[in-house]
Every structure is written in C-alpha cells, then in structure tokens.
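> Predicted structure and sequence below. I'll ask about it afterward.
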Amino acid sequence: MTILIAGATGNVGRPLVEQLLAAGHPVRALTRNPAKANLPEGAEVIAGNLSDTSSLVEAFKGVTAAHLISFNGEDFSPLENGPEIVKLAKESGVRKVTVLKGDVSKSPLEEAVEAGGLEWTFLSPVEFMSNALEWTESIKNEGVVREAFAQAKSAMVHDADIAAVAAVALTSDGHAGQEYWITGPQALTPPEKVRAISEGLGREVKYVELSQDEIVAEWRQTGYSDEDVEFFLTMRTNPPEAGYTVQDTVERVTGKPPRTFVQWVKENAAAFTA
C-alpha cells in the first residue's frame, strides 16, 4: 500500500514520512524541490505541487492512501483546485485521505474530499510547538524571550504527534469521517513556555513581557500585513476555545500520550544554542 505524503518536507510531513517508513509502509514523498528534500532513505521522492493538478498525475499512480494539506505551501492560501485533486485521486485508486487543515473554516479541498466518496479524516491541530523556533535568536544571543499577552494560553502540540495521528488514520480503519482536534498535554501561557524552555535547555531563559503596542510594532517591522496583525491580535486577545482546551486525541488515536513541550525543547536544543 503506497502512501503519498504531500508537503513531505514540512513540519508534519517530514515526521509522517519517517514514522510510516519505520513502520514498514512504502512512502512516496511529494515536494516542490526533490533535490533539497533531504528525506530519509527509503522514501520515493517525487516532484509536484498540490496547487498544480497536472503536476500530480505521476505522484498519484499506484497510491491507495494520501496525506494532503488544504493550503498552498508557498503562501498558505487555501487550495482552489480541490475537486480536481479529488477526481485524480479517485481515478488513481486512492481510498483513504487525511487532510491537514490550515483554518477553522472548511477549504475547497475539504469540501471536495467530503463530497468525493473517499474515506477522509481531517486533522485540526492547534499551535505547533515548532512555532517556538521564532524565539531562537533572542534565546541564543541574550537568554531572553520577549512576548506580549502573558495570560494567553495555548494547548500547543508536538508536530510529530500530529503526524502520528495521521499515520494511524492512513494505515488503519475506524477513522473515516472524523475531524480530530489535536493538542498537547498542557495549555501553557508565554511565561510557562519560557520556563519549559529553561527546563529543556538546562539553563535559565528569562521572560520579558511586551506591551500590545510593542509587539504590534515588532510584527510590522518583521513585514506582516495589516491583515496578519489583526489575525495575530484576535488569536491572542480572543482566541477560540479550541486553541487552549486540552484534548485526549493523541492518546486515544495512537495509544501513546502526547509529547510535552519540555520534550520538544530537548529534541531541538541545538536550535537554541549559540
């Protein structure tokens, strides 16, 4: 059973490729640039782009299950060619699909998957633990994290746990028609995240609280648009309940407890070390 993994070099795609290969499944990894993919030995790496259906014909040949993402990997806009992707998948013999959601609302791809008669499972993760990599420079150079909204909680999830849920859904029965909200084991505030980073690195990292005006100025200096800034503010001042509500999805689906943020930090310690 060959499994196609779209976004194979992404935060979820890469560990999903690794986990499926480790379990003995044939994997075809879809990426825009195979020469730079650097994926594990054993993966069949193939060029393609979900936003260009014509580039997917070879990728889908002989595939019986596929992991898809609902957004364009270049600018994160929703894919508009969902019906064409689903038609090609069905004609190629695909039975099961997982779809990594990029938004709370349904994308054209998700709507097409639902209507297309495939065995689908939607993956709705909250904040990725890997988002903490945006703090690498200040931690390496100064041993501090500067962040606003100290009371805002996030049930952040380890990227590999999202992949683990996808792997189970792609390789076993009982998950069709499910939308899985995927979280980590704790809802953490920014100061609690920084304490976890200190624990994981074995050295003190300080939390410096910024005002809303200071963080907005920082976002704008980074180049974020007005729309992005408005979205960031909404997520921090009036976040959806799902974003900070811990779910048992990882353990219920995979049989293993979700990884902690301290564990993620230890695994990625090199990124925070000068």
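Noted; the coordinates are in hand.
> quick one: buried residues of the helix or strand of the chain with the lowest mean pLDDT?
Least confident helix or strand, the chain: helix 226-237 with a mean of 91, by mean pLDDT, DSSP states H and E. Judged by neighbour count (16 or more other C-beta atoms under 10 Å), helix 226-237 contains these buried residues: Val229, Phe232, Leu233, Arg236. Every C-beta, even on glycine, is put in place using the N, C-alpha and C of the backbone.
> Ramachandran angles for the nearest residue to the first one once chain neighbours are set aside?
Across the structure, with C-beta to C-beta, 6 or more residues apart in numbering as the measure, the residue nearest Val229 apart from its sequence neighbours is Trp219 (5.2 Å). As for Trp219, its main-chain torsions (degrees, to the nearest 10) stand at phi -60, psi -40.
> after the least confident helix or strand of the chain, next one along is what?
Using DSSP states H and E, the next helix or strand after helix 226-237 towards the C-terminus is helix 249-254.
> mind listing what's buried in that next one?
By neighbour count with 16+ other C-beta under 10 Å, helix 249-254 contains the buried residues Thr249, Val250, Val253, Thr254.
> just to revisit the earlier point, okay, now the residue nearest to Val229: neighbour count?
As a burial measure, Trp219 scores 15 neighbours (other C-beta atoms under 10 Å).
> tell me which residues in stretch 45-58 are buried?
The neighbour-count check on stretch 45-58 (16+ other C-beta under 10 Å) flags Val45, Ile46, Gly48, Asn49, Leu50, Ser51, Thr53, Leu56 as buried.
> which residues touch that stretch?
Stretch 45-58 has contacts (C-beta atoms under 8 Å, 6 or more residues apart in numbering) with 6-8, 28-34, 37, 39, 59, 68-69, 72-74, 79-81, 84-85, 88.
> could you redo the last one with a cut-off of 7 Å?
Residues from elsewhere that reach stretch 45-58 (C-beta atoms under 7 Å, 6 or more residues apart in numbering): 6, 28-32, 34, 37, 39, 59, 68-69, 72, 79, 81, 84-85, 88.
> separation between Arg14 and His67?
To His67, Arg14 is 12 Å away according to C-beta to C-beta, to the nearest Å.
> mind checking the SS state of Glu74?
coil (DSSP: H, G, I helix; E, B strand; the rest coil).
> thinking again about what came up before, check what contacts the least confident helix or strand of the chain and list those residues.
With contact meaning C-beta under 7 Å, 6+ apart, helix 226-237 is reached by Phe149, Ala152, Val216, Trp219, Arg220.
> at 10 Å what do you get?
Applying C-beta atoms under 10 Å, 6 or more residues apart in numbering, the contact partners of helix 226-237 are 127, 147-149, 151-152, 154, 190, 212, 215-217, 219-220, 222, 224-225, 240, 243.
> Sitting in strands, which of these do you find?
Glu147 (DSSP state E).
> Now list the buried members of the contacts of helix 226-237.
Glu127, Glu147, Ala148, Phe149, Ala152, Ser154, Pro190, Ile215, Val216, Gly243.
> correct me, but the last one touches Gly184?
By that I understand Gly243. No: contact criterion C-beta atoms under 10 Å: Gly243 and Gly184 do not qualify, at 11.5 Å.
> what do those two both touch?
Common neighbours of Gly243 and Gly184 (C-beta under 10 Å, 6+ apart) are Val126, Glu127, Ser154, Ala155, Met156.
> possible to save those residues as CSV with pLDDT and distance to Glu204?
CSV is the format used below for these (pLDDT from 0 to 100; distance: C-beta to C-beta, whole Å):
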residue, pLDDT, distance to Glu204
Val126, 95, 28
Glu127, 95, 24
Ser154, 96, 22
Ala155, 97, 25
Met156, 97, 21
